[in-house]
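Trainee: Build me a structure from this.
(chains A and B)
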Amino acid sequence: MTQTLLLELSVAVLFLPLVSFLILIFFGKKLPRQGDFVGLAFLGVSLALSVAILYAKISFFHEELLNYTFTWIDLGNVALFGSMKFDLGVMIDNLTAVMLVVVTLISFLVHLFSTKYMAGDIRYSRYYAYLGIFSFSMLGIVIANNFLSMYIFWELVGLSSYLLIGHWYEKKSASDASKKAFVTNRVGDFGFFIGIMILWANYHTLTYEGVYGAIAGGLMPFQSSWWMTAAGILIFCGAVGKSAQFPLHVWLPDAMEGPTPVSALIHAATMVAAGVYLIARTFPMLTADALMVIAYVGAITAFISATIAIAQNDIKKVLAYSTVSQLGYMVMGLGVGAFSAGTMHLVTHAAFKAGLFLGSGSVIHAMHNALHHMHDHHTDAQDIRNMGGLRKKMPFTFWTFVIFTIAISGVPLTSGFLSKDAILAGTIAYGQLTGHMLIPIIGFLVAGLTAFYMFRIVILAFMGEHKDEKRFEHVHESPLAMTLPLMLLAVLSFFAFYSLNPFTAAGGWFFHAIERPETVVPAVMAATSTEVFEEAEHHAHMTAMILSLIVAGLGILIAFTTYYWKKINADAIAAKLAPLHLFLLNKWYFDELYEAVAVNGTKGLARVLAWFDSKVIDGIVNAAGSITKIGAIVSGKFDSIVVDGFVNLTATVAGGFGLVLRKVQTGRVQSYIVFAILGIVVLFFVYRAV
Amino acid sequence: MMELKFLNVGILTWITFLPVLGMIAVLCLPKNSKSATRWTSLGVTALQMVLAVVIFQHFNRGVGGINTFEGMQFKELVPWIDVQSVGILGRVKIDYFLGIDGISVAMVLLTALISFVAVIASWNIEKSVKGFFALLLLLDTGMMGVFVSLDFFLFYIFWEVMLLPMYFLIGVWGGPRREYAAIKFFIYTLFGSVLMLLAMLALYFSVTVIDPSTGMKMHTFNMLAMMNPANFDPGSLLAGLGTSMRYYAYVALFIGFAIKVPIFPFHTWLPDAHVEAPTAISVILAGVLLKMGTYGLMRIAFPIFPDAAIYFAYPLAFVGFINIIYGALCAMAQKDFKKLIAYSSVSHMGIVILGMAAFNSQGMVGAIFQMFNHGTITAMLFLIVGVIYDRAHTRGLDDFGGLMNKMPKYSAVMVIAFFAALGLPGLSGFISEAFAFLGAFQTYRYLTIASAFGIVLTAGYMLWTLQRVFLGTLPEKWEGLTDINARELSVLVPLAVIVIFLGIYPMPVIDLMNTSANALVDFVRSGAGMTLVGR
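Mentor: All right, here's what the predicted structure looks like:
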């Protein structure tokens, strides 16, 4: 297998889902089964190719960076700029190869799961078409070798997310959620775009290679280290939007209005991880200050959303906040410099969180069917308080769900343990090296909270006793097309896929393949060097492992004491801490705050300006028109009365003179001679006087 | 240099005056021959499109144009009016001088395309069909003439010729407040024309060239001659660089063009004109007429007054910023679909202004390309409003909902147009907007950052509109709505194809304008006698 072939295959991986989209959008409805098999087949081939690419890349070209660039827009030699061209292209390094598999695998499984979950949907073929364009855009992000393609696919991912969240657009809540997702992401992309403008204006290229090469050559944007940090943070704004980081995290929980498999694919496993991927890609150009901002944003996000997750009762909402929290974890991991750990958590989380969402989908599906049988349209199929005891009826769903839960809680022998532990070790090292001890403290706190709220769902939904005899009777395990993806993902939550040593990821292939890239910013602005950091990380590992086991165990224990053994009365505590509980239940009131300030502020300003436009500006225009008109009337009057009056007056005067002078014209010569002599006498005296 | 002739008449004359021939043909048709009138108009505009394609193919992309006679393509230069002595004016000589370069060629293509689209969009006009199409064709000639004239006087004539049919098209075939809107449009534009006329006369009396036939000195309306500082008489009104008279003249020209763009605060005629105009006229108004303003700045104001252009560059960029943000916010508050699109035009034209105010190649290319893309995208948007207005006879955004299910094909086209308008990558609007911003950022850092916030606002009001009209559930009263028909699709689909194609592969159009944009920037920057200070 040559490098060229590998690149060609990766391009095929990219475009196959697009072909699927095109076929389905135009012919989907006419095909048998509305064409779902088209999507499955194309994604299946994409997946197979991705696995082959990953295998070949890791085995044969472990260190190489496969790169292919072509010129998209060429303006030639341009004044004040030099050669101006926009290059697009693809590249495969180990991270890309891994991400290709992650994206195509989850996407394929979701395609499979949806054949049953979405069966009978009003826009079944449209749904599969959108899955296709989503996969295409997401693969585009992963495979890009430059900021421009990254941005292009970034926005296309936003579009597909918009379309899929709003799949059931008849519901106001769904169309609101899709709009909110797109606009909130746009706010982040606004920052991302400014970052791109800074890079373009200074480096005249947007390829990673070109930009990093120029920075490594000592070229700061606008000759200032401040702008270097700013560029990093602004690009990171894109990640804040897409990966639902504080303060733009509000769209993701609402995005659960979309079909549950979509939540699994887009809003848990892949798209929301794009932000983390973006940080990983821009890692070499991030200064220590930028990384610190990133670490804090991640930590704050992880903490806020974990606290919110505790108080939610909708199974998807809990998972949504859990996703935000885990994304914060990854971002924090990258921010502190634990590069391999952060990206590994992206991968492991993709598997178990997709599993959790598909598992919740399986539960919701079963609940829905049961409620449907009973003609009950009032009970909420997603509320965990209406579930209970489901393990007996849905064993596959239950057991896989438990595996995913222990993985996300960081219990040993799972993939989640490896990645979470590595991130925590990184935060301790960061805290020791920089003094920012708050980061590791939040890290461990969140680990405990995560274990608690995840086991809370497991216990409430699957264990204990069912709530309604009749309803319970109608609950059935989901069909194989739905449980098979669950089982596969459960297998992938096992440690051995990532590292043969169950206690540390450090020796595994993943850490070996995906290493922290060398920074290109000057040493004075850069974060702690890789060697020093890894040394500290290594020392912190044991502490991190023990501490994380303790907090996770504590979280699980409290969950069982509260919800299984019922030794602690959760409702009583909630009642006692009513303001806090309300605060968490209402998600720290972020939505209300944004609605009041950003949304209503903008709308209010818009109304004021529209009023200003129609009353003041147009008022001036109309006033100018009216004044001219009044002027016209006045001058019309002036014309008819004064000017014409004057003319008439002149005529009258002249006529009057005529009347008078006519008297003089007597026709008698004698009188004329008298007048003439009188005249001469008068003239004589006049000229004498002069 | 390429010359294309038919019957010994150049292609630019053909493409400009074909519609007039069509108008005469239409007027000669017997009364009540509605169908023949429509088909004649369609044939004429189709032929015009063919000519535009021929021009597109034969246009030499490597020549800059702007200020050189040699750089102009498909030139036609014939003495037109030559009066030996007209009182104090002395000898008056006006040439019939046509020619195009990279700045005009895209507009020629756009005009041909939009005129063709407008004819199809007017198919269901039933009120005095002959008059409507005759005026439409005359309007077509006026617009095309503006984009191909290189003699200022000729340019001015075409500029005014366009005004008259537009006045009647809005005033006779428009909505309930058509007379108000038509008069407002007419007087507003005329007000600008007066200022333009003053500047033109000042230029005329300041510029002297040697008449090659007699060897005598004479004044001229030739734009290219006006661009050469050596042609200004020493001591004349506009001689020298950076004098206050030149700044006044530039501002006079600017206001004349700004009204057309329209630039804040001269924009309030636009929403009224759009709301009252029939669909096809809105399409022409947004698709072509607005571009005449920005085109005039590039063709006339910048190269003739490079000093003033650079001196006022930052204020120009600033009004671009205001247009972007103010237009977007005003759009957000509208309840009338058409008014919303009208304000979105104000916002999108602001991007053109910002891009050209950067006075670098990228900004200039972005601006011209944005003019083209805004022409196609906004044409789509107005057609889309027209489709629903024809059926429901209302444009209230809150009157609708759930059209997506009722009118699936219509909604599919709408999604493309809306997302193109909000600058989604993969569609043409993205590239031109990105170019304009990237270019502007190199000259005005903070102002561009502030302007780029427009992309968030645009997403906001576009998606809000989409939600209100197309998503949700269908009100019962619209149960009877029918999906878009073949005629309506026949204009929307080709436009959508152009929007998608240029979004993926913009080179064919960017290539047309690139050399000239470069030449313009070079010419203005080097001729200004001062440097543009970036901020």
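Trainee: For the rest of this, base every contact and every neighbour count on C-alpha atoms.
Mentor: Will do.
Trainee: All the strands of chain A, residue numbers only.
Mentor: A:66-78, A:82-92 (DSSP state E).
Trainee: Highest mean neighbour count across those strands, which stretch is it?
Mentor: Counting by mean count of other C-alpha atoms under 10 Å in any protein chain shown, strand A:82-92 has the highest mean neighbour count of those, with a mean of 19.
Trainee: Give me the helices and strands touching it, please.
Mentor: Helices and strands touching strand A:82-92, as assessed by 3 or more C-alpha pairs under 8 Å, 6 or more residues apart in numbering or on different chains; DSSP states H and E, comprise helix A:3-27, strand A:66-78, helix A:124-143, helix A:147-165.
Trainee: The last one near chain B anywhere?
Mentor: Yes. Judged by C-alpha under 8 Å from any C-alpha of the partner chain, helix A:147-165 comes into contact with chain B through A:152, A:153, A:155, A:156.
Trainee: The residue nearest to residue B:31 when sequence neighbours are not counted: neighbouring residues, count only.
Mentor: Leaving out its chain neighbours, the residue that sits closest to residue B:31 by C-alpha to C-alpha, 6 or more residues apart in numbering or on different chains is residue B:130, at 7.9 Å. Neighbourhood size, residue B:130 [other C-alpha atoms under 10 Å in any protein chain shown]: 25.
Trainee: and if you look at the one 3 residues further on?
Mentor: The burial count assigned to residue B:133 is 26, neighbours taken as other C-alpha under 10 Å.
Trainee: Okay, and it sits in which element?
Mentor: Using DSSP states H and E, residue B:133 sits within helix B:129-148.
Trainee: Dump the C-alpha coordinates for that helix into PDB.
Mentor: Presented in PDB, the C-alpha positions along helix B:129-148 are these (Å, rounded to 0.1, in the frame of the first residue of the first chain):
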ATOM      1  CA  VAL B 129     -49.000  43.300 -20.900                       C
ATOM      2  CA  LYS B 130     -47.600  45.200 -23.900                       C
ATOM      3  CA  GLY B 131     -46.700  48.300 -21.900                       C
ATOM      4  CA  PHE B 132     -45.100  46.200 -19.100                       C
ATOM      5  CA  PHE B 133     -42.800  44.300 -21.300                       C
ATOM      6  CA  ALA B 134     -41.900  47.300 -23.500                       C
ATOM      7  CA  LEU B 135     -40.900  49.100 -20.400                       C
ATOM      8  CA  LEU B 136     -39.100  46.100 -19.000                       C
ATOM      9  CA  LEU B 137     -37.000  45.800 -22.200                       C
ATOM     10  CA  LEU B 138     -36.200  49.500 -22.200                       C
ATOM     11  CA  LEU B 139     -35.100  49.200 -18.600                       C
ATOM     12  CA  ASP B 140     -32.900  46.300 -19.700                       C
ATOM     13  CA  THR B 141     -31.200  48.600 -22.200                       C
ATOM     14  CA  GLY B 142     -30.700  51.300 -19.700                       C
ATOM     15  CA  MET B 143     -29.000  48.900 -17.200                       C
ATOM     16  CA  MET B 144     -26.800  47.300 -19.800                       C
ATOM     17  CA  GLY B 145     -25.800  50.700 -21.200                       C
ATOM     18  CA  VAL B 146     -24.600  51.800 -17.800                       C
ATOM     19  CA  PHE B 147     -22.300  48.900 -17.500                       C
ATOM     20  CA  VAL B 148     -20.700  49.200 -21.000                       C
END
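Trainee: what's downstream of that helix, the next helix or strand?
Mentor: Next element after helix B:129-148 (DSSP H and E): helix B:152-173.
Trainee: what comes up buried for that next one?
Mentor: B:152-163, B:165-173 (16 or more other C-alpha atoms under 10 Å in any protein chain shown).
Trainee: and what of stretch B:85-104?
Mentor: For stretch B:85-104, by 16+ other C-alpha under 10 Å, it's B:91-104.
Trainee: For that stretch, the averaged confidence score.
Mentor: For stretch B:85-104, the mean per-residue pLDDT is 82.
Trainee: May I have it as CSV, with CA atoms only?
Mentor: Included here for stretch B:85-104 are C-alpha records, laid out as CSV according to Å, rounded to 0.1, in the frame of the first residue of the first chain:
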residue,chain,number,x,y,z
SER,B,85,-19.8,76.2,-30.6
VAL,B,86,-22.4,76.2,-27.9
GLY,B,87,-22.1,79.6,-26.2
ILE,B,88,-19.7,79.5,-23.3
LEU,B,89,-19.3,75.8,-23.6
GLY,B,90,-17.3,76.1,-26.7
ARG,B,91,-17.1,72.9,-28.8
VAL,B,92,-19.1,70.0,-27.3
LYS,B,93,-18.1,66.6,-28.4
ILE,B,94,-19.7,63.4,-27.0
ASP,B,95,-18.5,60.0,-28.1
TYR,B,96,-20.4,56.8,-28.3
PHE,B,97,-17.8,55.0,-26.5
LEU,B,98,-18.4,51.4,-25.3
GLY,B,99,-16.0,48.9,-23.8
ILE,B,100,-15.7,46.5,-20.9
ASP,B,101,-13.0,45.3,-18.6
GLY,B,102,-13.0,42.9,-15.7
ILE,B,103,-15.1,45.2,-13.5
SER,B,104,-17.9,45.5,-16.0
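Trainee: Please state the offset of that stretch from the chain centre?
Mentor: Put simply, stretch B:85-104 sits 23 Å off its chain's centre (C-alpha atoms, centre = their mean, to the nearest Å).
Trainee: can you tell if that stretch touches chain A?
Mentor: No. Contact of stretch B:85-104 with chain A (C-alpha under 8 Å from any C-alpha) is absent, the minimum separation being 13.4 Å.
Trainee: Please identify the deepest-packed of the helices and strands packed on strand A:82-92.
Mentor: Greatest burial across the helices and strands packed on strand A:82-92, using mean count of other C-alpha under 10 Å, falls to helix A:124-143, with a mean of 27.
Trainee: quick one: residue A:245 and residue A:283, what's the gap?
Mentor: Distance, residue A:245 to residue A:283, by C-alpha to C-alpha, to the nearest Å: 17 Å.
Trainee: same question but for residue B:448, I mixed them up
Mentor: Residue B:448 is 26 Å from residue A:283, where distance means C-alpha to C-alpha.
Trainee: Ok, residue A:446 next?
Mentor: From residue A:446 to residue A:283 the distance is 24 Å (C-alpha to C-alpha).
Trainee: Would you mind telling me which of those two has more residues around it?
Mentor: Between residue A:446 and residue A:283, counted using other C-alpha under 10 Å, residue A:446 has the larger neighbour count: 26 against 22.
Trainee: Can you verify my assumption that the more buried one contacts residue A:303?
Mentor: Yes. Shown here, residue A:446 and residue A:303 form a contact pair, counting by C-alpha atoms under 8 Å, at 5.9 Å.
Trainee: about what we covered before: quick check, nearest of the buried residues of stretch B:85-104 to residue B:513?
Mentor: Nearest to residue B:513, judged by C-alpha to C-alpha, of the buried residues of stretch B:85-104 is residue B:102 at 4.2 Å.
Trainee: ok, the closest one - contacts?
Mentor: The contact partners of residue B:102, by C-alpha atoms under 8 Å, 6 or more residues apart in numbering or on different chains, come to B:61, B:63, B:64, B:65, B:512, B:513, B:514, B:515, B:516, B:517.
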